[in-house]
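Student: Okay, sequence plus prediction incoming.
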Amino acid sequence: MLEALALNINEMEKIVYVQLLGEGTIVYRPVPATQINGSIHLLRGEEIFDGDDEDWEFLPGTKVVVEERELGGEKVFVAIDKETTK
């Protein structure tokens, strides 16, 4: 049972690309995230976030909507909006 739970948790762990603001060009930071439901992910990355060095569009701990896009010839998940519960 614990092995099945570990597999499910690993399947929910993703890398989500978050846009960096104020860079003069479009730049993304790969950020660990947990898939919550469908396209909704919870951003992690507290250990890599440095607000003095980078301005992330969405901060660690934010629930975001992701969209699959092609970046550098690779299909990745990109954070496009904050999740809003209706």
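Tutor: Now that the structure is in, tell me what you want to look at. Computed from a prediction, not measured in an experiment: that's the story for all the values here.
Student: how about the strands of the chain, start to end?
Tutor: Secondary structure of the chain (DSSP state E): strands located at 13-21, 27-37, 40-43, 55-56, 63-71, 74-82.
Student: For the most centrally placed residue in the chain, list the residues it contacts.
Tutor: With the centre of the chain defined as its mean C-alpha position, the nearest residue by CA atoms, centre = their mean is V16, 3.0 Å away. Under the criterion of CB atoms under 8 Å, 6 or more residues apart in numbering, the contact list for V16 reads P30, V31, P32, A33, H41, L43, V64, V66, F77, V78, A79. Every residue, glycine included, has its C-beta placed from N, CA and C.
Student: can you do 6 Å?
Tutor: By CB atoms under 6 Å, 6 or more residues apart in numbering, the contact set of V16 is V31, A33, H41, V66, F77, A79.
Student: that older thread, out of the strands of the chain, which is the most enclosed?
Tutor: Stretch with highest mean neighbour count among these: strand 40-43 (a mean of 20; mean count of other CB atoms under 10 Å).
Student: Starting from that strand, tell me which strands it pairs with and how they run.
Tutor: Based on DSSP bridges, the strands next to strand 40-43 in the sheet, each with its direction, are strand 27-37 (antiparallel), strand 63-71 (antiparallel).
Student: Compare the strands of the chain and give me the one nearest F49.
Tutor: strand 55-56 (6.7 Å; CB to CB).
Student: V31 pairs with what?
Tutor: On the basis of DSSP bridges, V31 is bridged to V16.
Student: likewise A79?
Tutor: Residues in a beta bridge with A79, per DSSP bridges, are V66.
Student: wait, it sits on F58?
Tutor: Yes - under the criterion of CB atoms under 6 Å, A79 makes contact with F58 at 5.1 Å.
Student: shared neighbours of the two, anything?
Tutor: When contacts are counted by CB under 6 Å, 6+ apart, A79 and F58 are jointly contacted by V18, V64.
Student: picking up where we left off before, could the strands of the chain go into CSV alongside distance to F49 and mean pLDDT?
Tutor: CSV is the format used below for the strands of the chain (distance: least, CB to CB, whole Å; pLDDT from 0 to 100):
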stretch, distance to F49, mean pLDDT
strand 13-21, 10, 96
strand 27-37, 8, 96
strand 40-43, 9, 97
strand 55-56, 7, 97
strand 63-71, 14, 96
strand 74-82, 14, 97
